[in-house]
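Enquirer: Sequence first, then the predicted structure:
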Amino acid sequence: MTTDAAFWDKIAPKYAKSPISNPDAYEDTLARVRTYLGAETEALELGCGTGSTALRLYEGTRRYVATDISPGMIDIARSKTESMSGAAPDFRVAGIKALDFAGERFNTVLAFNLLHLVPDLEAALEEINAILPQDGLFISKSPALGEKWYYRPMIGAMRLIGKAPYVRCFTVAEYDAMIEAAGFRIVEKGLYPPTTPSRFVVARKN
């Protein structure tokens with residue numbers, strides 16, 4: 001769903017060292033996500049980057065697979081598990097295609113700070129729907145950059161000089177509507193943080 005793997009490979013080492021921009025909002029998000037995870041959870045996290053969030057969420061789940069299109073990001077994620085004993089997330093290079101996970105069972109799909117980077121978001125949401133069983137959970141958080149006018153020209157300028165990948169600017173209302181149009185019903189939503197705003201949505205497959 002995106003062709004920017006080379007961009008993310010290039011910045012992976014720097015990305016891995018970058019601090020979380022809003023730790024409080026990040027912790028609030030993790031706290032809300034954990035209320036939906038448990039011993040029966042078979043989770044697939046899409047766009048996991050260097051695996052920091054997967055390593056915070058996988059404990060207590062039955063199975064946790066975390067993927068990214070960037071081999072560089074996945075190499076760093078796997079390196080974080082080398083000293084671990086026992087269970088760990090299963091880090092893989094993969095995109096957002098149901099066929100990539102044919103024959104595997106997941107009842108929860110997670111996507112954090114990913115979907116604004118996907119050119120055909122509508123198609124990606126349909127793929128996510130196809131991965132899940134009836135009533136499966138889709139939990140996501142994405143910056144709604146369309147809420148602030150200045151993001152579009154700023155991102156456009158950065159893309160021209162190769163400093164940014166593809167970025168889609170949608171509003172909170174547009175994001176919610178796309179999720180519902182893809183065959184989900186929203187059961188929880190929030191803004192973590194509200195200043196960007198960064199839209200948190202928990203939805204179930206119809």
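Expert: Nice, I can see it.

Enquirer: make it CA atoms for all contacts and neighbour counts henceforth
Expert: Noted.

Enquirer: And the helix or strand harbouring residue 154, what's buried?
Expert: In the assignment (DSSP states H and E), residue 154 maps to helix 151-160. Neighbour counts over helix 151-160 (16 or more other CA atoms under 10 Å) mark 155-156 as buried.

Enquirer: Tell me how far it lies from the chain's centre.
Expert: 22 Å (CA atoms, centre = their mean, to the nearest Å).

Enquirer: Please work out the average pLDDT along that helix.
Expert: Taken as a whole, helix 151-160 has a mean pLDDT of 79.

Enquirer: which other residues reach that helix?
Expert: Helix 151-160 is contacted by residues 145-146, 164-167, 169 when judged by CA atoms under 8 Å, 6 or more residues apart in numbering.

Enquirer: pLDDT check: weakest of those?
Expert: Scoring those by pLDDT puts residue 164 last, at 76.

Enquirer: any idea how far it lies from residue 96?
Expert: Using CA to CA, to the nearest Å, residue 164 is found at 20 Å from residue 96.

Enquirer: of those two, who's got more company?
Expert: Between residue 164 and residue 96, counted using other CA atoms under 10 Å, the more crowded position is residue 96 (22 against 16).

Enquirer: number of nearby residues for residue 25?
Expert: Neighbourhood size, residue 25 [other CA under 10 Å]: 16.

Enquirer: Strands of this structure, start to end?
Expert: Remark: strands assigned in the chain by DSSP state E are 42-46, 63-68, 90-93, 108-112, 137-143, 184-191, 198-205.

Enquirer: So which residues lie in contact with the fifth one, not counting its own?
Expert: For strand 137-143, the surrounding residues in contact (CA under 8 Å, 6+ apart) are 33, 107-116, 128, 196-205.

Enquirer: change it to 7 Å
Expert: For strand 137-143, the surrounding residues in contact (CA atoms under 7 Å, 6 or more residues apart in numbering) are 107-116, 196-205.

Enquirer: State the distance from residue 125 to residue 170.
Expert: According to CA to CA, residue 125 stands 15 Å off from residue 170.

Enquirer: Mean pLDDT for the strands of the chain - can I get that in TSV?
Expert: Listed next are these as TSV, based on pLDDT from 0 to 100:
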stretch	mean pLDDT
strand 42-46	98
strand 63-68	97
strand 90-93	96
strand 108-112	98
strand 137-143	97
strand 184-191	98
strand 198-205	98
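
Enquirer: Any chance of CSV for the ones you listed, columns distance to residue 83?
Expert: Shown next, in CSV, are these (distance: least, CA to CA, whole Å):
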stretch, distance to residue 83
strand 42-46, 22
strand 63-68, 18
strand 90-93, 15
strand 108-112, 25
strand 137-143, 29
strand 184-191, 35
strand 198-205, 32
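
Enquirer: what's the closest of these to residue 6?
Expert: When these are compared by CA to CA, strand 63-68 sits nearest residue 6, at 12.0 Å.

Enquirer: Count the neighbours of the closest residue to residue 55 other than its chain neighbours for me.
Expert: Leaving aside its sequence neighbours, residue 55 sits nearest to residue 89 (CA to CA, 6 or more residues apart in numbering; 6.9 Å). For residue 89, the count of nearby residues is 24 (other CA under 10 Å).

Enquirer: quick one, phi/psi of residue 89?
Expert: Main-chain dihedrals, residue 89, degrees, to the nearest 10: phi -60, psi 150.
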